[in-house]
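Undergrad: build me a model:
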Amino acid sequence: MPRILTIAGVVTLLVGIGLFVTAVQTAPSVLEKNAVDVEDDGTPTALILLADTEYGFYSEDANTTCTVSDPADTVLDVYQPDHKSGQPPQVLGFRSTDAGTYTVACNGDATITINVSNVSPEWDSSARLALASIPFALAGAAITTGGAVWLILRRRKRSRMVVSRLFAPGHAGAPAFTAFPPDAGAVHPDATAPAPGAYASPQPPSAPSATMPPPATPAPPAANPPAPNSYGFAPQQVVYRPLTPPDGEQGS
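TA: Numbers count the residues shown, from 1 in each chain. Model (predicted):
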């Protein structure tokens, strides 16, 4: 689900970007350097214009009048725009037919120039496309961000689950832990040590057992005090044995 949501957000964002790029390309380029002066006393002026392009007359005189003939000497419709745009403002406009030489004649009380129109169907289409691109771009960015965050969190959770399963007790790939033999004096005699390879659950500390005093050792018997006027040595028994007489002296 998060993958599909992320893809949908990216597609929506790309649609918004595409609409904005199309709006920029559709908008006419009105450059001041392309403006051409036209006589304001009604003198005809020959101009080479592009095919199927919206042109406009710019002047400070709002009462300016102009006539336009195409290369086939057909008089074109010259209209007043719905609103004035530019400086000087656009006061009149017309649309060319074929590329070629056009004849233009204007009358007015101020300088008159001709240039690409600021008010045209192309500009209207460009504005509509630009406005339509905004919600697509915002929605696409929000959906893409939400889907990406959801996808990252889901992958992290899945990774944690895999790791927990691999290192779970008793699992084939889990590391074995052997408990050390407990101290006989620190563990209650009834407590049993955990089996090798299993995790030992923590046990509450047992109360210290009462220590019995060691049995009393009987004292050795007291030694008899030495006799008076003695040096403290015990009397020793002396055994006397008769000596054998030397040879020749027996029987005499």
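
Undergrad: hang on, Ile134 in a strand?
TA: No: applying DSSP: H, G, I helix; E, B strand; the rest coil, one finds Ile134 to be helix, outside a strand.

Undergrad: for it, grab the count of nearby residues.
TA: 12 (other CB atoms under 10 Å). Just so you know, the C-beta spots here come from the backbone N, C-alpha and C atoms, and that holds for glycine as well.

Undergrad: find the nearest non-adjacent residue to it, please.
TA: Gly16 (7.3 Å; CB to CB, 6 or more residues apart in numbering).

Undergrad: so which helix or strand takes in the one you found?
TA: helix 2-26 (DSSP states H and E).

Undergrad: helices or strands up against the next helix or strand after that helix?
TA: Sequence-wise, the next helix or strand downstream of helix 2-26 (DSSP H and E) is strand 36-38. Contact partners of strand 36-38 among helices and strands, from 3 or more CB pairs under 8 Å, 6 or more residues apart in numbering; DSSP states H and E: strand 112-116.

Undergrad: who touches the strand it packs on?
TA: The contact list for strand 112-116 (CB atoms under 8 Å, 6 or more residues apart in numbering) reads 28-32, 34-40, 47, 53-59, 61, 64, 66, 88, 104, 106.

Undergrad: which neighbours does it have in its sheet, and in what orientation?
TA: Strand 112-116 has its sheet partners listed here by DSSP bridges as strand 36-38 (antiparallel), strand 54-58 (antiparallel).

Undergrad: return the most buried member of those.
TA: Most buried of the strands paired with strand 112-116, by mean neighbour count (mean count of other CB atoms under 10 Å): strand 54-58, with a mean of 23.

Undergrad: export it as PDB, just CAs?
TA: Taking C-alpha atoms only, strand 54-58 is exported to PDB below (Å, rounded to 0.1, in the frame of the first residue of the first chain):
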ATOM      1  CA  GLU A  54      -1.700  37.700 -31.800                       C
ATOM      2  CA  TYR A  55      -0.300  41.200 -32.200                       C
ATOM      3  CA  GLY A  56      -1.100  44.400 -30.400                       C
ATOM      4  CA  PHE A  57      -0.800  48.200 -30.800                       C
ATOM      5  CA  TYR A  58       0.700  50.000 -27.700                       C
END
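
Undergrad: give me the contact list for that strand.
TA: Residues contacting strand 54-58 (CB under 8 Å, 6+ apart): 28, 35, 38, 49, 64, 66, 81, 86, 88-96, 106, 112-122.

Undergrad: repeat for stretch 77-88
TA: Residues contacting stretch 77-88 (CB under 8 Å, 6+ apart): 30, 56, 58-60, 66-68, 90-94, 110-111, 113, 117-119.

Undergrad: again, only this time at 10 Å
TA: Outside stretch 77-88, the residues within contact range by CB atoms under 10 Å, 6 or more residues apart in numbering are 30, 32, 35, 54-62, 64-68, 89-95, 104, 106, 110-113, 115, 117-120, 123-124.

Undergrad: now list the buried members of these.
TA: 30, 54-59, 61, 64, 66, 68, 89-95, 104, 106, 112-113, 115, 117-120, 123 (16 or more other CB atoms under 10 Å).

Undergrad: what mean pLDDT would you report for stretch 19-37?
TA: In this model, stretch 19-37 has a mean pLDDT of 78.

Undergrad: end-to-end on that stretch?
TA: With CA to CA, to the nearest Å applied, stretch 19-37 spans 36 Å between its terminal residues.

Undergrad: residue ranges in the stretch 1-150 of the chain under the pLDDT threshold?
TA: 28-29, 85-86, 120 (pLDDT under 70).
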